[in-house]
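Chemist: mind folding the following:
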Amino acid sequence: MNPLLPAQYFIPDAEARVMPDGRLYLYGSNDISGCRDYCSKEYHVFVTDDDKMEHWTDCGISFQNTAAHPGMPWCPDTVLFAPDVIERGGKYYLYMCDCQGHEGVAVSDSPKGPFADAQPLLGADGDGIDPSVFVDDDGQAYYFWGQISLRGAKLNPDMVSLDLSTLRHGILTEQEHGFHEGSSIRKRNGKYYLIYTDTTRGRATCMSYAVADAPLGPYTRGGVIVDNTFCDPGTWNNHGSICEYRGQWYIFYHRASQNSFTSRRVCVEPIHFRDDGSIDEVMMTSQGASSPLDAFAWTDASVACRLRGGYYIAPQTAQREIVTCDGKCEGWAEYRYLNFAQGVSAWVLRARGQGTVCVMTTGNRVLSSVKVACDGFCELYGTLSERISGVLPIWLLLKGERMELDAFRFES
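Modeler: Here you go, the predicted model:
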């Protein structure tokens, strides 16, 4: 289910890596809920051994750069932006950057960290943000970084320094590829795929890809893989990676919340490669890597994959979120997909505020409408105008004053 992690975690810029132990690890930045600034001064690592990625373990703080614990001693107490981690020769290398464009590398004996003994990555340190790293089949490692114009070079065998004789500028550019930031590289069937934040639809909400026959290019633009537009009224950017896990490829991306461009949450969608190597664009969903949501169980309103009309997702408690709106609003919340099995004919909604909520499905079929008139969350029951079955998306159409949704379910 999306978001991928429990409600108390705000992890954007996700790099997903299957490590030698066969488990899937998530590395990313760490937003602070409600903070209007990007990221924080620590990284966490998350791991799963679950085929559908439904259960994750927080391995704790893997690296920090605070005044008390300056992990980057040449630039202490600065905010940490997007990282990447890779294994080489039994060691795990964390490539990090901070809000001032410093870049460095730290090492651990475990994919969980902690990562220590950080040192500047000369040639990239002070030159930009968003590192990404790749080790090719022949053992040669490559490093990429930067905004607007992507730089890349071979890593020396020590994995902590660059071979600057191989440095290339403009591997991806804003003008040619729509490149904004957030590169991530993978290899499939002899082709190299650079995943990146793309601005060609007007804002940096797309994750797109470009393809080459060699790690340092030249790269040809492919297309958009996922666009997080409408995940939140204030959303601005997107950043993540693709990864093959147990025979299926996925895209890991983030969605903003709390009517802001921050408080970002990692999400995932399965992706499909065509025979020619191109990647189909996918829609954001509520189900993510899991099966369609059980329509008969309570669905948290906060798993809405798109929202319009001023509605957004915000905390109700430290571990629970709701769909809310400031003042008078008219809009909708979208949920893809629910499994209605052999059919449903009624629904129950937990909401508060003053207004109405309608449930709609494909073909603009409005199935039911309930009136909301309660200051505290109350359960409201409605019958459907027609019986629906199978797997379908739904939209909750919302109109009223300070309307808030907690959860809903359907009945046969």
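Chemist: let me see the contact set for residue 137.
Modeler: residue 187 (C-beta atoms under 8 Å, 6 or more residues apart in numbering). (Each C-beta comes from the backbone N, C-alpha and C, glycine too.)
Chemist: then the one 10 residues further on?
Modeler: For residue 147, the contact set (C-beta under 8 Å, 6+ apart) comprises 128-130, 180-181.
Chemist: mind picking the two most distant members of those residues?
Modeler: 128 and 180 (12.2 Å; C-beta to C-beta).
Chemist: who's more crowded, these two?
Modeler: Neighbours per residue (other C-beta atoms under 10 Å) separate residue 128 from residue 180, with residue 180 holding more: 24 against 19.
Chemist: and the more buried one, that one's in a strand?
Modeler: Yes: Residue 180: assigned to a strand according to DSSP: H, G, I helix; E, B strand; the rest coil.
Chemist: do I have it right that it meets residue 201?
Modeler: No: using C-beta atoms under 8 Å, residue 180 is not in contact with residue 201; the gap is 11.3 Å.
Chemist: contacting residues around residue 19?
Modeler: Residue 19 touches 25, 87, 92, 111, counting by C-beta under 8 Å, 6+ apart.
Chemist: hang on, I meant residue 306
Modeler: 230-231, 284, 333-334.
Chemist: which of those residues sits closest to residue 83?
Modeler: residue 231 (22.6 Å).
Chemist: tell me how far the closest one lies from residue 326.
Modeler: 17 Å (C-beta to C-beta, to the nearest Å).
Chemist: the more surrounded of the two?
Modeler: Legend: neighbour count by other C-beta under 10 Å for residue 231 and residue 326, higher for residue 231 (27 against 12).
Chemist: and the closest residue to residue 22 other than its chain neighbours, how many neighbours?
Modeler: Leaving aside its chain neighbours, residue 22 sits nearest to residue 49 (7.6 Å; criterion: C-beta to C-beta, 6 or more residues apart in numbering). Residue 49 has 12 neighbouring residues, counting by other C-beta under 10 Å.
Chemist: just confirm residue 49 contacts residue 56, I think it does.
Modeler: No: counting by C-beta under 8 Å, residue 49 stays clear of residue 56, with 9.8 Å between them.
Chemist: buried set for stretch 345-360?
Modeler: Buried residues in stretch 345-360, counted by 16 or more other C-beta atoms under 10 Å: 347, 349-353, 355-360.
Chemist: typo on my end, stretch 176-192
Modeler: Buried residues in stretch 176-192 (16+ other C-beta under 10 Å): 177-186, 192.
Chemist: first-to-last residue distance for it?
Modeler: 18 Å (C-alpha to C-alpha, to the nearest Å).
Chemist: and for stretch 1-21?
Modeler: So stretch 1-21: terminal residues 24 Å apart, C-alpha to C-alpha.
Chemist: same thing with stretch 353-373?
Modeler: End-to-end for stretch 353-373, by C-alpha to C-alpha: 6 Å.
Chemist: over to stretch 53-61?
Modeler: Span of stretch 53-61 from end to end, C-alpha to C-alpha: 21 Å.
Chemist: circling back to that earlier point, ok, the residue nearest to residue 22 to residue 309 distance?
Modeler: When residue 49 is compared with residue 309 (using C-beta to C-beta), they lie 40 Å apart.
Chemist: could you identify the most distant pair in the buried residues of stretch 345-360?
Modeler: For these, and using C-beta to C-beta, no pair is farther apart than 352 and 360, which are 21.0 Å apart.
Chemist: which element is residue 43 on?
Modeler: Assigned by DSSP states H and E, residue 43 belongs to strand 42-48.
Chemist: remind me what that strand packs against, helices and strands.
Modeler: Judged by 3 or more C-beta pairs under 8 Å, 6 or more residues apart in numbering; DSSP states H and E, the packing partners of strand 42-48 are strand 24-27, strand 57-64.
Chemist: check the offset of that strand from the chain's centre.
Modeler: Computed by C-alpha atoms, centre = their mean, to the nearest Å, the chain-centroid distance of strand 42-48 equals 14 Å.
Chemist: how far off strand 57-64 does that strand point, in degrees?
Modeler: 150 degrees (axes from the mean of the first three to the mean of the last three C-alpha atoms, to 10 degrees).
Chemist: in its sheet, what does strand 42-48 sit against?
Modeler: strand 24-27 (antiparallel), strand 57-64 (antiparallel) (DSSP bridges).
Chemist: which residues are contacting it?
Modeler: With C-beta under 8 Å, 6+ apart, strand 42-48 has contacts from 5, 9, 11, 23-30, 54-66, 80, 83, 85, 94, 96, 111-113.
Chemist: ok, of those residues, which come out buried?
Modeler: For the contacts of strand 42-48, buried by 16+ other C-beta under 10 Å: 5, 9, 11, 24-30, 56, 59, 61-65, 80, 83, 85, 94, 96, 111-113.
Chemist: rounded mean pLDDT for the helix or strand where residue 323 lies, please.
Modeler: Per DSSP H and E, residue 323 falls inside strand 320-324. Average pLDDT, strand 320-324: 96.
Chemist: so after it, what's the next helix or strand?
Modeler: Downstream of strand 320-324, the first helix or strand assigned by DSSP H and E is strand 328-339.
Chemist: narrow the buried residues of stretch 345-360 to those in strands?
Modeler: 347, 349-353, 355-360 (DSSP state E).
Chemist: helix, strand or coil: sort out residue 175 for me.
Modeler: Assignment for residue 175 (three-state DSSP): helix.
Chemist: what residue spans form the domains of the chain?
Modeler: What automatic domain parsing lists as the domains of the chain is 15-270, 293-411.
Chemist: can you get me the start-to-end distance on the first one?
Modeler: Across its full length, domain 15-270 reaches 15 Å end to end, with C-alpha to C-alpha as the criterion.
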